[in-house]
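Chemist: Coordinates for the following, if possible.
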Amino acid sequence: MLTTMCLGAQYRRPLIVLAATMVALGISSIISVSVGFLLASALPIDFIVYISGGLFLILGFYTLIKRNSEEIESCDNPATFLGMVSVILFSELGDKSQIAILALAAQSMYPIFIFLGAMIGFLIVNVIGVIVGNNISHRVSINTIHKVAGLIFILFGILILFRII
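Modeler: This is a model prediction of the structure:
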């Protein structure tokens, strides 16, 4: 979302930035869902549940501990639509959301729903990022955003480990 906010502020073309963002996140999500689905067919479900829950806990604690790590540095003047897609795609590879999608897809019988849910979530978050994100960033600190995200990841980890979700 920070990269999208940065590109939106730089280019002031919210629809183009949003389109580039969604293309990049779609590619990233397809990779995550595919890898998760392949893992699900190769590993026992109990193992996948524990790994998924553990990943969410690790991501949650990592997010809480690592503050101010996502500085808005990725505005390297990607002058084209494909340049924007590349910036966003490479910033997303190996990111917390990609790992979360992979973990959810690995324990789901319906990976297409994980993909669709991820894309809807990304669309909502990035519409906010592209249109009003700049205003929100002045009111809510990045530390607060990190804390809330970390706590949500930890909650998901606990819910998965106790098989509530």
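
Chemist: I'd like the distance from the helix or strand hosting I152 to the chain centre, please.
Modeler: Assigned by DSSP states H and E, I152 belongs to helix 142-161. Distance, stretch centre to chain centre, for helix 142-161: 13 Å (Cα atoms, centre = their mean, to the nearest Å).

Chemist: ok, residues contacting that helix?
Modeler: 49-50, 52-64, 66-68, 70, 96, 100, 107, 165 (Cβ atoms under 8 Å, 6 or more residues apart in numbering). Placement of C-beta: from N, CA and C, glycine included.

Chemist: Average pLDDT for that helix, rounded please.
Modeler: For helix 142-161, the mean per-residue pLDDT is 78.

Chemist: Export it to CSV, keeping only CA atoms.
Modeler: Listed next in CSV are the C-alpha coordinates belonging to helix 142-161 (Å, rounded to 0.1, in the frame of the first residue of the first chain):
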residue,chain,number,x,y,z
ILE,A,142,3.0,3.9,10.4
ASN,A,143,3.8,2.5,13.8
THR,A,144,0.1,2.2,14.6
ILE,A,145,-0.6,0.6,11.3
HIS,A,146,2.3,-1.9,12.0
LYS,A,147,0.9,-2.7,15.5
VAL,A,148,-2.6,-3.4,14.2
ALA,A,149,-1.4,-5.5,11.3
GLY,A,150,0.9,-7.5,13.7
LEU,A,151,-1.9,-8.2,16.1
ILE,A,152,-4.2,-9.3,13.3
PHE,A,153,-1.5,-11.8,12.1
ILE,A,154,-1.0,-13.1,15.6
LEU,A,155,-4.8,-13.5,16.0
PHE,A,156,-5.0,-15.4,12.8
GLY,A,157,-2.1,-17.6,13.9
ILE,A,158,-3.8,-18.5,17.1
LEU,A,159,-7.2,-19.1,15.4
ILE,A,160,-5.5,-21.4,12.9
LEU,A,161,-3.5,-23.4,15.5
